[in-house]
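K.L.:
the following comprises the amino acid sequence and a computationally predicted model.
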Amino acid sequence: MAIVTNKFKRETIQLIKDNFDNASNHYYIGIGRSDVWNATDTAPDAYANLNEERLFRNSLQSVKKVGDMSFVVPRHNWSSGTTYSAYSDNLLTNYPITHQYYVMNDNNQVFICVQQGKNSQGESVDSTVQPTTTSSGASTGTVFVTSDGYAWKFIYTISALDASKFMSAEFIPVKKQIGSGSQSTDSEQLAVQNAAVDGQIIGYRVASEGLGYSSAPTLTVVGDGTLAQAIATVHDGKVKKVDVVDTSGTLSLGSGYTNAIVTQTGGSPTTEAKIVPIFAPKGGLGSDPRADLRSAGIMFVIQPDGTENDDFIVDNDFRQVGLIKNPLQTVGGSAFTSNTGIALKKLTLTSGGATFTKDNVIVGLTSTARAIIDKVNLDSGVYSLSFHQNDETGYGTFNADELGETVEEVVGSGSGSVAAGSGTTVAGEIATTTGEVLYIDNRAAVTRASDQKEDIKIVIQI
């Protein structure tokens, strides 16, 4: 069975970020679909096919440019009474979602669990002491042990700015710091990165406990690095745990190892235990938090505020969110680069309009064109209807002749006259058939109000 490595995933995400950072590219998050999904308005699963993409384009209401993006990882808040896993180099499934080997504390500081707390029988114990950078050496990334037996390493602090943009209930941002940066947390993280030690052995896995030990064996780490040490604990004739310490109890992770084995002397076992070293990532824990936390996700964020200069409709809802790269303007066909834009068409009325109702279907009595109303507009005494069309309504054109026509609601009392001649139907700013649709999410209805500010986050995991 083939696998895709985490390094490949990170490099793929980095390519996306490099593409995003290219000034010639413009990424937008769009919202749309005011009409209900079905009789129960239950959102269907989205599928990666052209039909899904076409339906999204045809229901698009508004877009806002993505200003920034970030690598992200699943969020694990430290909680007293929780048993955390230690970092390991061989966990096979649901890593790190099920095996929580890193935490974020109350100060938005991120720590990796280097050694799980265990009792003398080798049984895992709950974490009861929250790791913080107030521990000796912790702020520079030195591994430290709390009184509950857990060993932790500080990796980075999420700045207030990054937290406001990229933190959610399920994800936290992660990055590799390049240069000193503009925030105090940037220089703090850079110091941890620079202090990382390559080739450390950060733990030991007891692959088999052995039998018949009369005492704890002396362990020796044999490999191409130096100074890694380990102490075994024996209970009931078996090796129950191995700690990354020397005989004085001092943490001793060594450095420079790319390979190593653990040999044993003493203890008089009938069957010798098998103890396997656990290696830190290349460069050492802390040198690249994206690798340490196995980031395979990226987050794009926008924060629409009210009407966004009439580019976003209010007092209606949306059911789709999507990511679009490099859409074009409707008029002229050049790149769309504005901060916000509206995709809905607008139909101008010479009379009527007040009785039209959002989400109702309208029909042109002459053209037979049909559409779904997203918004009823009133501008300087003139009514107009912002609308979209889909496969159910068809894609007919209102005002089929120069005389204009009457438009009525299929169900409802709305009725009005369409202005005659050209210019009656005005296209939106975004040419919805252009640009690359990179992501689509179908969801339950989200209602917008004039004083509402959304925080729309798209997370793509590879």
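P.N.:
Received it, and whenever you're ready, just let me know what you need.
K.L.:
who does the helix or strand bottoming out on mean pLDDT in the chain pair up with?
P.N.:
Using mean pLDDT, DSSP states H and E, strand 425-426 stands out as the lowest-scoring helix or strand of the chain, at a mean of 84. Here strand 425-426 has these sheet partners by DSSP bridges: strand 345-351 (antiparallel).
K.L.:
next structured bit after the strand it pairs with?
P.N.:
Downstream of strand 345-351, the first helix or strand assigned by DSSP states H and E is strand 361-364.
K.L.:
so what strands line up beside that following strand?
P.N.:
Sheet pairing for strand 361-364, using DSSP bridges, gives strand 370-379 (antiparallel), strand 406-409 (antiparallel).
K.L.:
may I see these organised as a markdown table, with mean pLDDT and distance to Lys282 added?
P.N.:
For glycine as for every other residue, the C-beta is placed from the backbone atoms N, C-alpha and C. A markdown table is the format used below for the strands paired with strand 361-364 (pLDDT from 0 to 100; distance: least, C-beta to C-beta, whole Å):
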| stretch | mean pLDDT | distance to Lys282 |
| --- | --- | --- |
| strand 370-379 | 93 | 52 |
| strand 406-409 | 93 | 65 |
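K.L.:
in a markdown table: these, plus mean neighbour count.
P.N.:
Formatted as a markdown table, the strands paired with strand 361-364 follow (neighbours: other C-beta atoms under 10 Å):
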| stretch | mean neighbour count |
| --- | --- |
| strand 370-379 | 20 |
| strand 406-409 | 20 |
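K.L.:
rewinding a little: and the next helix or strand after the least confident helix or strand of the chain, how far out from the chain's middle?
P.N.:
Where DSSP H and E defines the elements, the next helix or strand beyond strand 425-426 is strand 430-431. Strand 430-431 sits 27 Å away from the centroid of its parent chain (C-alpha atoms, centre = their mean, to the nearest Å).
K.L.:
tell me which strands strand 430-431 pairs with, and in which orientation.
P.N.:
In the sheet, strand 430-431 lines up with strand 328-329 (antiparallel) (DSSP bridges).
K.L.:
all strands of the stretch 1-150 of the chain, in order?
P.N.:
Counting by DSSP state E, counting those that start in this stretch, the stretch 1-150 of the chain has strands at residues 27-32, 60-65, 69-74, 102-104, 109-115, 144-145.
K.L.:
tell me which of the ones you listed sits nearest to Asn316.
P.N.:
For the strands of the stretch 1-150 of the chain, distance to Asn316 was read as C-beta to C-beta. The smallest value, 8.3 Å, belongs to strand 60-65.
K.L.:
any idea of the mean pLDDT in the closest one?
P.N.:
Averaged over strand 60-65, pLDDT sits at 98.
K.L.:
what are the pairing partners of it, and which direction each?
P.N.:
Counting by DSSP bridges, strand 60-65 is paired with strand 27-32 (antiparallel), strand 340-342 (antiparallel).
K.L.:
buried deepest among those, which one?
P.N.:
Among the strands paired with strand 60-65, ranked by average contacts under mean count of other C-beta atoms under 10 Å, first place goes to strand 27-32 (a mean of 25).
K.L.:
show me the contact partners of it.
P.N.:
Strand 27-32 is contacted from outside by 20, 56, 59-66, 69, 300-302, 304, 312, 318-325, 327, 336, 341, 343, 388, 430, 435, 446, 456, 458, using C-beta atoms under 8 Å, 6 or more residues apart in numbering.
K.L.:
good, we can wrap up now.
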